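S.K.: just the structure for this:
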Amino acid sequence: MKQVLIAAIFITCMVSPAYCHRLDIAYSLDGNELVIEAWMGRDEPTAGAEVTLLSEDGEVIHQDKMDEQGIYRAALPQQSPFNIRVFAGRGHQNELQVTQDDLTALRASSQEASLENGDAAHVHSAANSTYAGSTAQNQLGQPVKIIIGFIFITSLMAAWFAYRADQRLRAIEKRLDHFES
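M.R.: Residues are numbered from 1 along each chain as shown. Sure, this is the predicted structure:
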């Protein structure tokens, strides 16, 4: 029993890594300017995080740092698809791919919003932006991951107990066969 408990604790530590908070990325357009926003946890901005725009081949298109609000603005890269990578230190890194279809859809929604508001440019804010892509929408929630890990560990323990019970039953059967003969 002690061995099973130790094995379960070991597997638990390996299966479910500890995340204090996740780094999320979103982007929008302001005219021909790409606006990237990154945050951790509950809307905690990633001031000073390193932003890298990468080509499809992994070549660096542009690299800079986010401002104190966790926002970065740059000219929209001519090539697509491209990736947005944000590194906020201490292992907090995330990457998001931006395709031509994403940009086309975002431009259309930006134009609709500016026509409705009568503005010439799309105003970016976390409250009213339409994001073509956001890592917050694409990731499985942490509670679901914990439940999946718990189910996995429970099934391993059940298999282990069934194996041990089978071994004990066979040993008892051998003893009974020995007494009968």
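
S.K.: who's in contact with the nearest residue to A47 once chain neighbours are set aside?
M.R.: Leaving aside its sequence neighbours, A47 sits nearest to E68 (C-beta to C-beta, 6 or more residues apart in numbering; 4.5 Å). Glycine gets a C-beta too; all of them are placed from N, C-alpha and C. Residues in contact with E68 (C-beta atoms under 8 Å, 6 or more residues apart in numbering) are 45, 47-48.

S.K.: what is the neighbour count of I6?
M.R.: 10 (other C-beta atoms under 10 Å).

S.K.: can you give me the strands in this protein?
M.R.: 23-30, 33-40, 44-45, 50-55, 60-65, 71-75, 82-87, 93-98 (DSSP state E).

S.K.: specify the beta-bridge partners of E37.
M.R.: Beta bridges link E37 to A26, I71 when assigned by DSSP bridges.

S.K.: I figured it hits A47, correct?
M.R.: No: the criterion here is C-beta atoms under 8 Å, and E37 misses it with A47 at 11.8 Å.

S.K.: when these two are compared, which one has more neighbours?
M.R.: E37 (24 against 14).

S.K.: and the more buried one, what's its pLDDT?
M.R.: Note for E37: predicted pLDDT of 89.

S.K.: contact partners for it?
M.R.: Counting by C-beta under 8 Å, 6+ apart, the residues that E37 touches are 25-28, 70-72, 126.

S.K.: could you flag which of the residues you listed are buried?
M.R.: The neighbour-count test (16 or more other C-beta atoms under 10 Å) applied to these identifies 25-28, 70-72 as buried.
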